[in-house]
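# here is my input; please provide its structure:
(2 chains)
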Amino acid sequence: MITIDNVEFTYKKNTQLLSGLNLELFAGHIHGLLGKNGEGKSTLLKLISGLVFPNSGVINTIGFNPIKRKPEMLREIFFLPEELPQILLTVEKYQEIYAPFYPNFNSEQFDQYLKEFEVYSKHDKLDKLSQGQKKKVLIAFGLATNTKLLLMDEPTNGLDIPSKAQFRRMVAAAITEERCLVISTHQVRDLDSLIDGIIIMEGHEIVFNEPIENITNKLLFKVSENNEKDETLIYTENTIQGFCQVCENVNNKDSRLDIELLFNAVVTDKKRIKQLFSK
Amino acid sequence: MNSSFSLQRVSLLIKRYFKENLKVQIIIWIVLIIAFMGSVPFNIDFTFVIYLFGFMLATSQFSIFVISSNCINYLMIPASMIEKVVSSIFICFVYYFFALASSYIIGNLISNVISSLYTHTPFSVSFDFLTLKGMKILIHKGEYYNLSIWNLMGVVSIIQACGILVQLATKPKTVLSIFAGILVILPVIFFGQHQVWKTLIWGENASVDWYDRIYSSVQTTDSTLTLLIAISLISAMLWRINYSLLSNKQL
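Numbering: from 1, shown residues only, chains lettered A, B, ... in the order given. Below you'll find the model as predicted:
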């Protein structure tokens, strides 16, 4: 679905933002893109969608070179930016104008998603809605476009707690064999039990890209009363519940993935994690 | 569906522009109608309104680039760049002339109806705004002056290119392009509406030899043809620049 081969990108001269970037994303998956502020998560989404051009390297987005911005590619991509655009239209008019550009747009799905998000009136102007409500409309629209690729930059920012749960349910239901979703976020807990692949960016490069299954096969997430340090321990965090630890899963035990803990472990000891996953 | 050009997508883009800018368009129409209402009975020169309207249309096309999220929204619309440029040209030219001609007729009609009510005379409406030679506009002293369509096309395409550059390019480039744009626009306006400028600058009965000489040389058939070809080429070149600018636009 997406291949990125040795891509370099700079916004200004002498300040390299992304270097030697390699990535392959497949259809039928929801990928979580994690990283600290300024690591280039949004830029990576923009590179995939052709909003910025790489200085070198090759990007293939659903079979197209994204910098050409061909209509055949654009009608199969929906990009939800972190900052929402100013839209001086009602929800109904927005649908009337933008839906015809997407051949697989489904009006019934759109209405259903709006209902689930508790957006009942399509006669309200989008710019008069709260940021959260406006985001719900655009998420519902994006899901209803049925594009092959859905890129979401911080989609849960501004959503209230019940809406975050609804978002997870709707996204999980919207994924198909032909569809690929990439969600970039800081709020790792919002992706809990939603994503099936984790990409972590650190130091302007992708340091981790693994499916959830692989992660729980190779790593053990546990809470321990004592801060026992053995050879398998990779990362430990002192919390109210006890010591949250990430260890090597030498005995093939089952454990529940803690995305936040995984992220901290990767950022703290990326060399060891890399070695472990390259075995 | 054609990969890079589809009339259906162009019409969708035009529809999108008008739906999103409906309020602005209503205000523009009201201003134009009022201006043309006043131009006939009061002999007021509202030629500048025509240029102002062209400028507003050209810049409103690309004001979306000021805000990054609006820019993402525009660039991600599933249409090719050529379709986006063609829809913009349609709005800046076809719609531009339609709006000017219609508002002129409506403005005339309203002012004639009002004046006939007061003077109890039958009213007549001028429909000769658009002629084969160009646009006729009634200005000072109730005289008609031709305002060439070519003249306007050149001016609007320059404004359009400047409008895109203002939004997209860096500051020095923008200043340079606006300056270059003004340099090109000025002579077009200056000689395109000979009598208006002459009256404005030197007075009604002034005789300015050098200006009259240049004007009369422009008026010969060969020179006029050359001017038309030159303006057409400039317009085409600027549209091509607009296309390149939009295609290479990054966030």
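# pretty sure residue A:42 contacts residue A:185?
No: using Cβ atoms under 8 Å, residue A:42 is not in contact with residue A:185; the gap is 10.9 Å. Quick note: C-beta positions are derived from backbone N, CA and C, even for glycine.
# count of residues packed around residue B:101?
Here the number of neighbours of residue B:101 (other Cβ atoms under 10 Å in any protein chain shown) works out to 14.
# next, it: secondary structure please.
Applying DSSP: H, G, I helix; E, B strand; the rest coil to residue B:101 yields a three-state assignment of helix.
# what's the distance between it and residue B:91?
15 Å (Cβ to Cβ, to the nearest Å).
# and for residue B:49?
18 Å.
# residue B:11 too?
For residue B:11, the distance to residue B:91 (Cβ to Cβ) stands at 12 Å.
# which one of those two is surrounded by more residues?
Ranked by neighbour count (other Cβ under 10 Å), residue B:11 and residue B:91 place residue B:91 first, with 21 against 14.
# so what pLDDT did that one get?
Per-residue confidence at residue B:91 stands at 84 (pLDDT).
# thought it was touching residue B:15?
No: in this structure, residue B:91 is not within contact of residue B:15 by Cβ under 8 Å, at 11.1 Å.
# touching both of these two, which residues are there?
The contact sets of residue B:91 and residue B:15 do not overlap (Cβ atoms under 8 Å, 6 or more residues apart in numbering or on different chains).
# what's the neighbour count on the closest residue in space to residue A:180 that isn't next to it in sequence?
Leaving aside its sequence neighbours, residue A:180 sits nearest to residue A:1 (Cβ to Cβ, 6 or more residues apart in numbering or on different chains; 4.5 Å). Using other Cβ under 10 Å, residue A:1 has 20 other residues around it.
# OK, contacts around residue A:1?
Counting by Cβ under 8 Å, 6+ apart, residue A:1 has contacts A:25, A:26, A:27, A:61, A:62, A:148, A:149, A:180.
# of these, buried ones?
With burial judged by 16 or more other Cβ atoms under 10 Å in any protein chain shown, the buried subset of the contacts of residue A:1 is A:25, A:27, A:61, A:62, A:148, A:149, A:180.
# those in helices, which ones?
Judged by DSSP state H, the subset of the buried ones among the contacts of residue A:1 located in helices is empty.
# from memory residue A:66 sits against residue A:46, does it?
No: contact criterion Cβ under 8 Å: residue A:66 and residue A:46 do not qualify, at 9.3 Å.
# enumerate the residues of chain B near chain A.
B:1, B:3-4, B:6, B:9, B:12, B:15-16, B:19-20, B:23, B:67-70, B:72-73, B:75-81, B:83, B:247, B:250-251 (Cβ under 8 Å from any Cβ of the partner chain).
# now do the same end-to-end measure for stretch B:63-80.
19 Å (Cα to Cα, to the nearest Å).
# identify the bridge partners of residue A:10.
residue A:16 (DSSP bridges).
# pull up the gap between it and chain B, please.
The gap separating residue A:10 from chain B is 12 Å, by Cβ to the nearest Cβ, to the nearest Å.
# and that residue, what's its pLDDT?
87.
# what does residue A:29 give?
92.
# where along the stretch 1-150 of chain B do the helices fall?
Assigned by DSSP state H, counting those that start in this stretch, the helices in the stretch 1-150 of chain B fall at B:7-20, B:22-39, B:47-62, B:68-75, B:81-89, B:96-119, B:149-168.
# out of those helices, which is the most enclosed?
helix B:149-168 (a mean of 23; mean count of other Cβ atoms under 10 Å in any protein chain shown).
# dump the helices of the stretch 1-150 of chain B to CSV, plus distance to residue A:32.
Formatted as CSV, the helices of the stretch 1-150 of chain B follow (distance: least, Cβ to Cβ, whole Å):
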stretch, distance to residue A:32
helix B:7-20, 33
helix B:22-39, 40
helix B:47-62, 36
helix B:68-75, 21
helix B:81-89, 33
helix B:96-119, 49
helix B:149-168, 34
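# can you tell me which of those is nearest to residue A:56?
Using Cβ to Cβ as the measure, helix B:68-75 is the one of those that comes nearest residue A:56, at 22.0 Å.
# residues in contact with that closest one?
For helix B:68-75, using Cβ under 8 Å, 6+ apart, the contacting residues are A:50-51, A:69, A:79, A:81, A:83-87, B:64-65, B:84, B:249, B:251.
# 6 Å instead, please
A:81, A:83, A:84, A:85, A:86, B:64, B:65, B:251 (Cβ atoms under 6 Å, 6 or more residues apart in numbering or on different chains).
# ok, of the residues you listed, which one's closest to residue A:133?
Closest to residue A:133, out of all of the contacts of helix B:68-75 and judged by Cβ to Cβ, is residue A:84, at 10.6 Å.
# tell me, how many residues neighbour that closest one?
Around residue A:84 there are 21 residues (other Cβ under 10 Å).
# so it sits in a strand?
No: assigned with three-state DSSP, residue A:84 falls outside any strand and is coil.
# that one and residue A:186, how far apart?
Taking Cβ to Cβ, one finds residue A:84 at 17 Å from residue A:186.
# got a pLDDT number for residue B:172?
60.
# repeat for the one 3 residues further on
Listed pLDDT for residue B:175 reads 61.
# list the contacts for residue A:232?
Counting by Cβ under 6 Å, 6+ apart, residue A:232 touches A:247, A:248, A:250.
# which positions in the stretch 1-150 of chain A make contact with chain B?
A:46, A:51-53, A:71, A:74-75, A:79, A:81, A:83-86, A:88, A:93, A:97, A:100-101 (Cβ under 6 Å from any Cβ of the partner chain).
# what about residue A:235, helix or strand, and which?
strand A:233-239 (DSSP states H and E).
# likewise residue A:167?
Per DSSP H and E: helix A:161-174 holds residue A:167.
# how close does residue A:104 get to chain B?
11 Å.
# what number of residues lie near that residue?
12.
# ditto for residue A:107
Around residue A:107 there are 10 residues (other Cβ under 10 Å).
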